[in-house]
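In: I would like to see how this sequence folds:
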Amino acid sequence: MKTGLDRLLSEPELRAPLKGRRVALLAHPASVTEDLTHAIDALVACPDIDITAAFGPQHGMKGDLQDKMMESPDYRDPVHGFPVFSLYGEVRRPRDEWMDTFDVILIDLQDLGCRIYTYVTTLLYVLEAAQKHGKTVWVLDRPNPAGRPVEGTLLHPGYESFVGAGPMPMRHGLTMGELGRWFIDHFGLTVDYRVIAMQGYDIDAAPGYGWPLLERAWVNPSPNAPTLSMARAYAGTVMLEGATLSEGRGTTRPLELFGAPDIDARAVIVEMQRLGPDWLTGCGLREMWFQPTFHKHVGQLCHGVQIHVEGPHYDHAAFRPWRVQALGFKAIRALYPDYDLWRDFPYEYAFGKLPIDVINGGPSLREWVDDAAASPADLDAIATPDEAAWAETRRPFLIY
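Out: Here you go, the predicted model:
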């Protein structure tokens, strides 16, 4: 299996159109070749490519910043000397003067297959800036580690944000190259756009089911994305960012678990199994204890639930992470009706809305959790039509 970056470097005919043009790179720590050389160094070493600028997304080009709304500065690359502009600093859209530093921008970002992962929105913002300035955009495509399955409600009008670029569900099932094709069509953009597609990529193949498990090393695309298991669970566990429960930040398994000092995780698992056993197929749930070293409930002993999505506990077609985490919320609400579950703060620069609603692109998930009479079938009735509609909408933009 070859990524778009590996193909660009190994196939001279692919990069021939870049000769004589100024090239920028949008990348992060996971933008590496098969032998783990970073894209910046590999492209600078390529005689056909003239790198004149680079861009870093959320968490920075270096991937050093932990959490939401921690902004990265601009700087000069200490080895190669060109400017590195931050698309998660004072601005999240490219400044006009930055667009004058290149003719073609190569986007090489490892995504997690989830709408809320901000690299998705950064892709849209770069496409919109490229249209404005007449620039060319190439996506050097990478695997979607969550694979093709679709899950979640479509983003509601009025809930667009930096974690909600458009009306797609939480788990979108596209690669970045495919997403760019959909963005251009959906928003009516006129952009010189090209995808350097992967070679030998089977998005449905075991054992990775989206990730070429035996062929590529995993490099964190952001600080709290340390494992393939996290990527599989993320479309559900990311909702914990809008809850008072810990999502495991400050532990070695972030976004694979949830818990708090004041819940009985064993009772939560039992209640989840009682409420919606069909939603729990495809994964294993395990009672566990943890003490975060930073972030929510720092230094406190938490009782938690770990979601296991590896080995015999994982069924790719059956696992539905958004529903699993929704069921976790529902169980806590049933066991502790007055539990202070939802956080209230400006999430990803979205003011005036609860973070859980910004994350889900609307209030329907939260309202379902808080409605004591609502059953899993009621949430299915909301989400299933959206999932079917998206599966059809995305069809023309699939490459693999």
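
In: so where is the protein shaky, pLDDT-wise?
Out: 63-71 (pLDDT under 70).

In: Helices of that one, residue ranges please.
Out: Counting by DSSP state H, the segments of the chain that form helices are 4-10, 12-15, 39-44, 96-99, 119-133, 176-186, 228-237, 265-275, 321-335, 355-360, 364-370, 376-393.

In: Out of those, indicate the one that is most buried.
Out: Ranked by mean neighbour count, those are led by helix 228-237 with a mean of 26 (mean count of other C-beta atoms under 10 Å). All C-beta atoms are positioned from the backbone trio N, CA, C, and that covers glycine.

In: now what about that one, what contacts it?
Out: 112-114, 117, 145-146, 151-152, 170-171, 208, 211, 213, 218, 224-225, 247-248, 253-258, 283, 307-310, 314, 319-326 (C-beta atoms under 8 Å, 6 or more residues apart in numbering).

In: ditto for stretch 32-50
Out: If you take C-beta under 8 Å, 6+ apart as the criterion, stretch 32-50 is touched by 2-3, 5-6, 9, 12, 15-16, 18-23, 25, 27, 29, 31, 51, 54, 77, 79-80, 106, 108, 140, 216-217, 219.

In: Just the endpoints, please. Distance across that stretch?
Out: 18 Å (C-alpha to C-alpha, to the nearest Å).

In: So what's the gap between that stretch and the chain middle?
Out: 24 Å (C-alpha atoms, centre = their mean, to the nearest Å).

In: Could you shift the numbering so residue one becomes 458, and keep it that way?
Out: Okay, residue one is now 458; in that scheme the one you just asked about reads as stretch 489-507.

In: sorry, back to before: columns distance to Pro803 on top of the helices of the chain, output as CSV?
Out: Shown next, in CSV, are these (distance: least, C-beta to C-beta, whole Å):
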stretch, distance to Pro803
helix 461-467, 35
helix 469-472, 42
helix 496-501, 33
helix 553-556, 26
helix 576-590, 16
helix 633-643, 25
helix 685-694, 21
helix 722-732, 29
helix 778-792, 22
helix 812-817, 8
helix 821-827, 17
helix 833-850, 26
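
In: quick one, which of these is nearest to Gly657?
Out: For Gly657, the closest of the helices of the chain is helix 461-467, at 10.1 Å, according to C-beta to C-beta.

In: ok so, going back, narrow the contacts of helix 685-694 to just the buried residues.
Out: For these, a neighbour count by 16 or more other C-beta atoms under 10 Å gives the buried set as 569-571, 574, 602-603, 608-609, 627-628, 665, 668, 675, 681-682, 704-705, 710-715, 740, 764-766, 771, 776-783.

In: now, which of those residues lie within strands?
Out: 714-715, 764-765 (DSSP state E).

In: Tell me which two of those residues sit farthest apart.
Out: Phe715 and His765 (13.2 Å).

In: Can you tell me, leaving aside adjacent residues, what's nearest to the most centrally placed residue in the chain?
Out: Using C-alpha atoms, centre = their mean, the residue of the chain that lies closest to the mean C-alpha position is Tyr574, 3.0 Å off. Nearest residue to Tyr574, sequence neighbours excluded (C-beta to C-beta, 6 or more residues apart in numbering): Asp568, at 5.9 Å.

In: cool, Val755 as well?
Out: Counting by C-beta to C-beta, 6+ apart, Val755 lies nearest to Pro749, which is 5.2 Å off, once chain neighbours are set aside.

In: isn't the one you found right up against Glu704?
Out: No: under the criterion of C-beta atoms under 8 Å, Pro749 is not in contact with Glu704, lying 9.5 Å apart.

In: what residues are up against Met655?
Out: Listed by C-beta under 8 Å, 6+ apart, the contact set of Met655 reads 458-461, 464, 598-600, 632, 857.

In: switch to 6 Å and redo it
Out: Neighbour list for Met655: 460, 598 [criterion: C-beta atoms under 6 Å, 6 or more residues apart in numbering].

In: Likewise for Pro711?
Out: By C-beta under 6 Å, 6+ apart, the neighbours of Pro711 are 681, 705.

In: Roughly how far does it sit from Ile562?
Out: Distance of Pro711 to Ile562, given as C-beta to C-beta, to the nearest Å: 31 Å.

In: repeat for Pro486
Out: Distance of Pro486 to Ile562, computed by C-beta to C-beta: 19 Å.

In: Between the two, which has more neighbouring residues?
Out: A count of neighbours by other C-beta atoms under 10 Å puts Ile562 above the other of Pro486 and Ile562, at 25 against 19.

In: Please report the distance of that one from Glu491.
Out: Remark: distance between Ile562 and Glu491 (C-beta to C-beta) = 23 Å.
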